[in-house]
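Asks: Sharing a sequence plus its predicted fold:
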Amino acid sequence: MDWPISAADLKYVILATAAGWGYGIIFQRTGSIDASIMTHFGLNTTHFIFFTYPALATVLS
């Protein structure tokens, strides 16, 4: 990895940090790691269905 970190990489670092904090807050409030896992799964599924898959379908057609 080149140093200094690029602006695009910094965006992903900030996004991943915010997501981690969010999953941590969910865990603290519910006391269940399952709730954090399901939230992560739901977010990934939503992203795949509404952002990744339509872009992929456009490229493949």
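Replies: That came in fine, so what should we check first? Computed from a predicted structure; not experimentally measured. Residues are numbered from 1 along each chain as shown.
Asks: contacts for the helix or strand harbouring F27?
Replies: For F27, the element it lies in under DSSP states H and E is helix 7-30. Outside helix 7-30, the residues within contact range by Cβ atoms under 8 Å, 6 or more residues apart in numbering are M1, I5, I33, A35, S36, T39, H40, L43. (Glycine included, C-beta is placed from N, CA and C.)
Asks: what's the spacing between the closest residue to the third one other than its chain neighbours and T45?
Replies: Spelled out, it's I33. In space, and not counting its chain neighbours, I33 is closest to F27: 6.0 Å by Cβ to Cβ, 6 or more residues apart in numbering. The gap separating F27 from T45 is 19 Å, by Cβ to Cβ, to the nearest Å.
Asks: Tell me which of the two has more neighbours.
Replies: Using other Cβ atoms under 10 Å, the more surrounded residue of F27 and T45 is F27, with 16 against 10.
Asks: Quick check: the gap between the more buried one and A16.
Replies: Distance of F27 to A16, computed by Cβ to Cβ: 16 Å.
Asks: Mind picking out the helix or strand in this structure with the poorest mean pLDDT?
Replies: Here the helix or strand of the chain ranked lowest by mean pLDDT, DSSP states H and E is helix 53-60, holding a mean of 73.
Asks: now it: how far from the chain's centre is it?
Replies: 20 Å (Cα atoms, centre = their mean, to the nearest Å).
Asks: Please shift the residue numbers so they start at 58 in all later answers.
Replies: In the new numbering, first residue 58, that becomes helix 110-117.
Asks: quick one: buried residues of that helix?
Replies: The neighbour-count check on helix 110-117 (16 or more other Cβ atoms under 10 Å) flags nothing as buried.
Asks: what number of residues lie near S93?
Replies: 19.
Asks: Pull the contacting residues for it.
Replies: Y80, G81, I83, F84, T87.
Asks: separation between the first one and G88?
Replies: Applying Cβ to Cβ, the value for Y80 to G88 is 13 Å.
Asks: if you count what's nearby, which of these two comes out ahead?
Replies: Y80 (17 against 8).
Asks: Now, of the contacts of helix 64-87, which are buried?
Replies: Taking 16+ other Cβ under 10 Å as the criterion, what is buried in those is S93, T96.
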